[in-house]
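A.B. asks: got a predicted structure here, sequence first:
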Amino acid sequence: MIRIQTEDFDIGEQTRALGGTGDTGAIATFTGLVRTRGDRQDVRALFLEHYPGMTESVIEDLVTQARERWSIQAVRVIHRVGELALGEQIVFVGVASAHRGDAFAACEFLMDALKTSAPFWKKEITVDGESHWVEQKASDRDKAKNWQQD
Amino acid sequence: MIRIQTEDFDIGEQTRALGGTGDTGAIATFTGLVRTRGDRQDVRALFLEHYPGMTESVIEDLVTQARERWSIQAVRVIHRVGELALGEQIVFVGVASAHRGDAFAACEFLMDALKTSAPFWKKEITVDGESHWVEQKASDRDKAKNWQQD
Amino acid sequence: MSDTVTVKFFARLRETLQTDELELPISTQGTVSDVIESLASRGAPWDVLQGDQPVMIAVNQTMARPTQPLSPGDEVALFPPVTGG
Amino acid sequence: MSDTVTVKFFARLRETLQTDELELPISTQGTVSDVIESLASRGAPWDVLQGDQPVMIAVNQTMARPTQPLSPGDEVALFPPVTGG
């Protein structure tokens, strides 16, 4: 399940939706939150823009790659867009598997890959009312590269 | 926060309790569930025993190790004991950090270390009414060893 | 089918160009590079497309290189490196 | 203080020995090994403590080796490899 939405989501509900088949032994989740220190200090909100259509298909493709690489049973990805205040949830990736190693690896892969290949752009709005587009991080590119297979 | 308890827990509530300071950018969680295929097939429940006192201090020590090794802001570990039916939640580890790499690494370290060093023992109860103690897995020992530093 | 492509802009590029989408005629055997050159030749602010900041390209919602040939009706998107998650 | 140690058993060991806790006198300079030998010498089922299956040791709730010296009042725990999580 992949959702791009403006609304918030409930992590408990999302996690329960991943498990409960009796075959699932492990659920790994990641939640990203708006934090006060981004590219600049005193961030009070983010504005998130995306490329409708392409975003969903890029994430679908990442989930397919994860399914080919690890033994996983269910995946849920939620990414919010629009304006999000400090402390709000931005993104959720949850992976269910029989085993914890697969759940952790697939969850971290999906987050790292999403950061560098899904068409989302973040603008930070600071407490002084200024705003600026966030720059892509070299550390994020490195993390994504580490998952590349020979 | 470390809890050993018979009662169930709500992942949404636990995750919300980890974040929300404005400094937190990343929350990684792991939840372990009772699954039908353990050491044997057709598991219908687990019985979990622990060593009161030692369990808490071992987990405290693992959390201290995680805090020394990664930049993390909050940790919650919940482990249930007693009889747990198929599909029920056994264990929760949640880690909050400014950055996702630290949150993922500390969460996976804590789960791997907990599996091989916290004094819990699992007995599987199968649908035919038989029960047997679970054997420690070599794969779990290997995972825990991989975190050892030179 | 029209002999044009749709060009979309996102994020900082969309704001700098004050344009989220336009239609552009393409010549036979045109590529993404031709589209970028044609737009940049309009002068400021369009020259940002050939400036210092990297411009990513998608054609029909798939990442593409500047050398990618275009067909009438294609959807070209130009945007800064992505920063979601 | 008594000249005994408390010995606790968990999981399969607790079930096999049908004992979760006992008090055992210790000699001066006694070690965990002495405690295990003394118990195993009672014969079946206690010989399981020196059988094929690994027995883990904690002294005062910290993992320990068989050579660890004991003092009166110490809490020794014997249990199978742990399997939580």
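C.D. replies: Right, received. Where do you want to start?

A.B. asks: what about the helices in chain A?
C.D. replies: With DSSP state H, the ranges of helices along chain A come out as A:11-18, A:54-69, A:100-117, A:138-146.

A.B. asks: nearest to chain B, of these?
C.D. replies: helix A:11-18 (2.4 Å; CB to the nearest CB). C-betas here are computed from N, CA, C, even on glycine.

A.B. asks: low-confidence ranges, chain C, go.
C.D. replies: C:1-2 (pLDDT under 70).

A.B. asks: relative to residue B:114, how far out is residue A:113?
C.D. replies: From residue A:113 across to residue B:114, the span is 28 Å (CB to CB, to the nearest Å).

A.B. asks: same drill for the two, tell me which one is more crowded.
C.D. replies: The residue with more neighbours, out of residue A:113 and residue B:114, is residue B:114; 25 against 22, by other CB atoms under 10 Å in any protein chain shown.

A.B. asks: rewinding a little: tell me which of the helices of chain A sits most buried.
C.D. replies: Mean neighbour count (mean count of other CB atoms under 10 Å in any protein chain shown) peaks for helix A:100-117 among these, with a mean of 23.

A.B. asks: chain center to it: distance?
C.D. replies: 9 Å (CA atoms, centre = their mean, to the nearest Å).

A.B. asks: enumerate the residues of chain C near chain A.
C.D. replies: Within reach of chain A by CB under 8 Å from any CB of the partner chain, chain C has these residues: C:8, C:10-12, C:14, C:58, C:61-63, C:77, C:79-85.

A.B. asks: quick revisit: of all the helices of chain A, which lies closest to chain D?
C.D. replies: Per CB to the nearest CB, nearest to chain D of the helices of chain A: helix A:100-117, 8.1 Å.

A.B. asks: per-residue pLDDT, residue A:127?
C.D. replies: At residue A:127, the model reports a pLDDT of 94.

A.B. asks: and the next element down the chain from the longest helix along chain C?
C.D. replies: The residue-count maximum for a helix in chain C (DSSP H) belongs to helix C:32-40. Using DSSP states H and E, the helix or strand that follows helix C:32-40 towards the C-terminus is strand C:56-59.

A.B. asks: what pairs with that following strand, and is each one parallel or antiparallel?
C.D. replies: strand C:62-63 (antiparallel), strand C:75-79 (antiparallel) (DSSP bridges).

A.B. asks: low pLDDT regions in chain A?
C.D. replies: A:20, A:150.

A.B. asks: what about 90?
C.D. replies: A:19-22, A:38-41, A:149-150 (pLDDT under 90).

A.B. asks: need the residues of it near chain C, please.
C.D. replies: With the criterion set to CB under 8 Å from any CB, chain A comes near chain C through A:32, A:48-51, A:53-54, A:57, A:79, A:90-91, A:111, A:114-123, A:133-136.
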